[in-house]
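> Got a predicted model here, sequence first, then my questions.
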Amino acid sequence: MLDQVYLASEDGPSSQPFGARIAKWCTYLLVAFPIVDYTLRLSFIHPIGSIWDKVVLLLLAVVAFNRVLRGHRPPAFGWSKYAGWYILYLVALFFAGLGSPGVAFDGFRADIYYMLFGLLMPFVIEPRDAKKYLYAAATVAILIGVHGVVQYLLAPPIPPGWVDVGEHVRTRVFSVLKSPNELGAYMEMMTPIVFGLCLGERNRARRIVYALGGICCLLTLLLTYTRGAWMGLGIALVLVAIAYERRCSS
């Protein structure tokens, strides 16, 4: 009965699922996280910058909870079961680190906090909007990638702690994020998505934009000099290639 109520609200001529507009714009805010967070943490509006992501998480949780009460049961992400095992692993690490409870809790909170956004996504994203979010995410990544290349050309001064002893680099790019390591992790995630959109695009002009944008994202990743991000991207490419090969052979 609840499923019928939910579907009726979704298929009605003018109605939408509960909180559709709120969920949509909250998701766009998350997709543009680096730019939104940087802007809202400027000095004159810094108080908003310190809480905006918590407000977004709360709004998405309210929308998801209401939809569950209405009978909405979307298929879970394939990695959700692994997320459960990872949470158990984090709990074990937390108890193992109780000698320094503050540090242990901060590490536990950081990992769990960002996982909550991912676990909520199936409940708040409409399948028809998924491509729009990917396009928006790729646009943001390309803008940051271009900014990273320009930043390298301008060679802004960087803190001495960003360079290992005996290491000589012109500069390390960080764009609108807090550090090269954060930018490297972001580009490690977004570069394959941009190139993936390029390969799947049929429009020639957009394909060229994705190709050039992907190159900028890859250059920015390299110019962060974050070896962990380089290694992560390399391992990800190997795993995807193995999975793709097995899929094609079957």
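Cool, got the structure. No experiment lies behind these values; they were computed from the predicted model shown.
> what ranges of the chain fall below the confidence cut-off?
For the chain, the stretches with pLDDT under 70 are 1-15, 76-77, 165-167, 244-250.
> Taking the centroid of it, which residue is nearest it?
In the chain, the centroid-proximal residue (C-alpha atoms, centre = their mean) is residue 31; its distance is 6.6 Å.
> Quick check: it vs residue 44, distance?
25 Å (C-beta to C-beta, to the nearest Å). Using the backbone N, CA and C atoms, a C-beta is placed for each residue, glycine as well.
> before we move on, the earlier item: let me see the contact set for the residue nearest to the centre of the chain.
For residue 31, the contacting residues are 133, 136, 137, 140, by C-beta atoms under 8 Å, 6 or more residues apart in numbering.
> So which of those are in helices?
Counting by DSSP state H, the part of the contacts of residue 31 found in helices is 133, 136, 137, 140.
> Buried among those residues? Make that a PyMOL selection.
To isolate the buried ones among those in PyMOL, judged by 16 or more other C-beta atoms under 10 Å, type:
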select buried, resi 133+137+140
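> need the contacts of residue 31 in CSV with distance to residue 179, can you?
Shown next, in CSV, are the contacts of residue 31 (distance: C-beta to C-beta, whole Å):
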residue, distance to residue 179
133, 26
136, 24
137, 21
140, 18
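> ok, so of those residues, who is nearest residue 205?
residue 136 (18.1 Å; C-beta to C-beta).
> And the closest one, how far from residue 106?
Residue 136 sits 31 Å away from residue 106, going by C-beta to C-beta.
> in this structure, which spans are helices?
Using DSSP H, helices in the chain cover 2-11, 20-31, 33-40, 46-49, 52-69, 80-96, 101-124, 130-154, 180-200, 204-223, 227-249.
> Those helices: which one's closest to residue 171?
Of all the helices of the chain, helix 130-154 comes closest under C-beta to C-beta, at 6.2 Å.
> In contact with the residue nearest to residue 94 when sequence neighbours are not counted: list those residues for me.
What sits nearest to residue 94 in space, not counting adjacent residues and going by C-beta to C-beta, 6 or more residues apart in numbering, is residue 108, at 4.4 Å. By C-beta under 8 Å, 6+ apart, residue 108 lies in contact with 90, 91, 93, 94.
> One more: residue 48?
residue 40.
> follow-up on the earlier one: next, give me the two most distant ones among the contacts of residue 31.
So, the contacts of residue 31 by C-beta to C-beta: farthest apart are 133 and 140, at 10.7 Å.
> separation between the residue nearest to residue 94 and residue 91?
For residue 108, the distance to residue 91 equals 8 Å [C-beta to C-beta].
> repeat for residue 210
41 Å.
> Between those two, tell me which one has more neighbours.
residue 210 (24 against 12; other C-beta atoms under 10 Å).
> how about that one, what does it touch?
138, 142, 194, 195, 197, 198, 201.
> for residue 233, same thing?
For residue 233, the contacting residues are 188, 191, 192, 221, by C-beta under 8 Å, 6+ apart.
> Repeat the analysis, applying 10 Å as the threshold.
Taking C-beta atoms under 10 Å, 6 or more residues apart in numbering, we find residue 233 in contact with 184, 185, 187, 188, 189, 191, 192, 218, 221, 222.
> Could you double-check that the third one lies in contact with residue 215?
In this case it means residue 187. No: if you go by C-beta atoms under 10 Å, residue 187 and residue 215 don't touch, sitting 11.8 Å apart.
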